[in-house]
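Undergrad: Sequence plus predicted model, see below.
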Amino acid sequence: MIQRVQTVYLALVLIFSFVGLMTTMGEWTFNGDVVADFSNFSFNSYGPLNQFQSYGPFCMGILLIVVMFLTLMSIMLFRKRLRQLRLTIISTILMVGYVLSYACFAYKFDLMLQEISPDMELKFHLPFLAVLPILSIFLNVLAIIGIRKDEALVRSLDRLR
């Protein structure tokens, strides 16, 4: 199970998803002070922009939890490669949906903040950990390639018998 490279890829996806679930996904600053931030479950504004407290982008957190569950199931199904392949493909599609919802929420929150305070020059800062979902998509694709290679190897050995 662990000696297969796709298991390592899937374990990294699981770790990246957990870390992404616990971190802040973006923040807006004004003159070096954080005035708003959002994570996978909440949007918070501080200081002069304290009008929109805890507007929740819950779908992002739920998508990551589902991806974590599917990835864990995929790791456990190492003997059933076709099911593992399907679960990994579904996980990849959900991660793409997560990245798209992240972009939509960041744009929506940016528009809301610009509407509330048109005189303030707000800057959006993307933390380094926000790159983890894109790395997870890449690792899922590598895992899919590895699972397909294993399945092709097993089928070729079945023909020789």
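TA: Great, that's in hand. Numbering: from 1, shown residues only.
Undergrad: going forward, measure contacts and count neighbours with C-alpha atoms only.
TA: Noted.
Undergrad: Look up how far Asn40 lies from the residue positioned nearest the centre of the chain.
TA: Centroid-nearest residue in the chain: Pro133, 3.6 Å away (criterion: CA atoms, centre = their mean). Going from Pro133 to Asn40 by CA to CA, to the nearest Å gives 12 Å.
Undergrad: ok, the residue nearest to the centre of the chain touching Leu100?
TA: No. Between Pro133 and Leu100 there is no contact under CA atoms under 8 Å: 10.6 Å.
Undergrad: Just the buried residues of the helix of greatest length in the chain, please?
TA: Criterion DSSP state H: the longest helix present in the chain is helix 81-116. Burial within helix 81-116, assessed by neighbour count using 16 or more other CA atoms under 10 Å, is assigned to 81, 84-85, 87-92, 94-96, 98-99, 101-102, 105-106, 109-110, 113.
Undergrad: where are the low-confidence patches of the protein?
TA: 1-3, 47-56, 159-161 (pLDDT under 70).
Undergrad: Quick one: the strands in it, in order.
TA: 26-30, 33-38, 43-45, 123-125 (DSSP state E).
Undergrad: From the rest of the structure, what touches the first one?
TA: Applying CA atoms under 8 Å, 6 or more residues apart in numbering, the set of residues contacting strand 26-30 from outside is 34-39, 106, 120-127, 130.
Undergrad: ok, now with 10 Å
TA: With contacts defined as CA atoms under 10 Å, 6 or more residues apart in numbering, strand 26-30 is touched by 33-40, 43-45, 102, 106, 109-110, 113, 120-130.
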